[in-house]
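Undergrad: Predicted model and sequence follow; I will ask about them next.
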Amino acid sequence: MRAIGETGLDFFRTDESGRAAQFRSFEAHIAMAKRHDLAMQIHDRDAHAEVIDTLLRVGAPERTVFHCFSGDAEMATLCADHGWYLSFAGTVTFRNAANLREALSVIPRDRILVETDAPFLTPTPFRGRPNSPYLIPITLRAMAEHLETDVTALAAHVTANTERVYGSWDDEPVEPSR
């Protein structure tokens with residue numbers, strides 16, 4: 001087992017009556033991730049402030065990942081200041097997702113991940129079709145283009161970040177060249 005999650009808060013279809021149970025569950029998962037020294041994969045929908053407040057109040061696990069990051073540059077900066085990782089999905093390629101590209105611009109490269117599990121967040125030009133890991137290179141290329149960097153260099157950073165969060169699958173971890 002490499003991580004606890006997805007866990008977090010999702011207020012998209014939850015009224016006040018269901019929120020207390022989400023907070024209890026989220027806090028229990030945070031404690032579990034810390035107790036077992038596992039990464040924590042956060043699902044956050046319509047609850048940015050509450051997720052961050054909870055992490056700051058109870059203490060985030062050492063390796064905390066915002067799955068399918070949907071915040072803005074201010075939130076990205078706050079996450080980076082706390083050493084948390086942001087995982088970008090195909091939505092970063094959407095024309096109307098300037099907030100995600102601004103967030104990508106402010107987060108250090110050693111905190112960037114690319115989403116592999118986002119079945120409804122397919123990158124342009126395949127938006128509307130089911131997403132799958134084989135489309136990750138499209139998202140990664142769009143991210144590299146926005147950052148004005150070489151896609152191979154960004155891929156090496158993402159690989160190294162992934163191994164720092166989840167551990168190495170190989171005998172020799174990948175390190176980006178400097």
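TA: Good, I have the coordinates.

Undergrad: contacts, neighbours, all on C-alpha from now
TA: OK.

Undergrad: Would you indicate which residues of stretch 25-42 are buried?
TA: Judged by neighbour count using 16 or more other Cα atoms under 10 Å, the buried positions of stretch 25-42 are 26-27, 29-34, 38-42.

Undergrad: would CSV of these with distance to residue 130 be doable?
TA: CSV is the format used below for these (distance: Cα to Cα, whole Å):
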residue, distance to residue 130
26, 28
27, 32
29, 29
30, 31
31, 34
32, 32
33, 30
34, 34
38, 29
39, 27
40, 25
41, 22
42, 22
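
Undergrad: could you pull out the helices for the protein?
TA: Taking DSSP state H as the criterion, the chain carries its helices at 16-35, 48-58, 73-81, 98-106, 136-147, 151-166.

Undergrad: Could you give me the buried positions within stretch 9-29?
TA: Within stretch 9-29, the residues scored as buried using 16+ other Cα under 10 Å are 9-11, 22-23, 26-27, 29.

Undergrad: With pLDDT added, can I get the buried residues of stretch 25-42 in JSON lines?
TA: JSON lines is the format used below for the buried residues of stretch 25-42 (pLDDT from 0 to 100):
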{"residue": "26", "pLDDT": "98"}
{"residue": "27", "pLDDT": "98"}
{"residue": "29", "pLDDT": "98"}
{"residue": "30", "pLDDT": "98"}
{"residue": "31", "pLDDT": "98"}
{"residue": "32", "pLDDT": "97"}
{"residue": "33", "pLDDT": "98"}
{"residue": "34", "pLDDT": "98"}
{"residue": "38", "pLDDT": "97"}
{"residue": "39", "pLDDT": "97"}
{"residue": "40", "pLDDT": "98"}
{"residue": "41", "pLDDT": "96"}
{"residue": "42", "pLDDT": "97"}
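
Undergrad: quick revisit: TSV for the helices of the chain, including distance to residue 116?
TA: Shown next, in TSV, are the helices of the chain (distance: least, Cα to Cα, whole Å):
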stretch	distance to residue 116
helix 16-35	21
helix 48-58	21
helix 73-81	20
helix 98-106	17
helix 136-147	7
helix 151-166	11
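
Undergrad: Dig out what the residue most central in space within the chain forms beta bridges with.
TA: Of all residues in the chain, the one closest to the mean position by Cα atoms, centre = their mean is residue 87, 2.6 Å from it. For residue 87, the residues forming beta bridges with it (DSSP bridges) are residue 113.

Undergrad: In contact with it, which residues are there?
TA: Taking Cα atoms under 8 Å, 6 or more residues apart in numbering as the contact definition, residue 87 lies against 65-69, 112-115.
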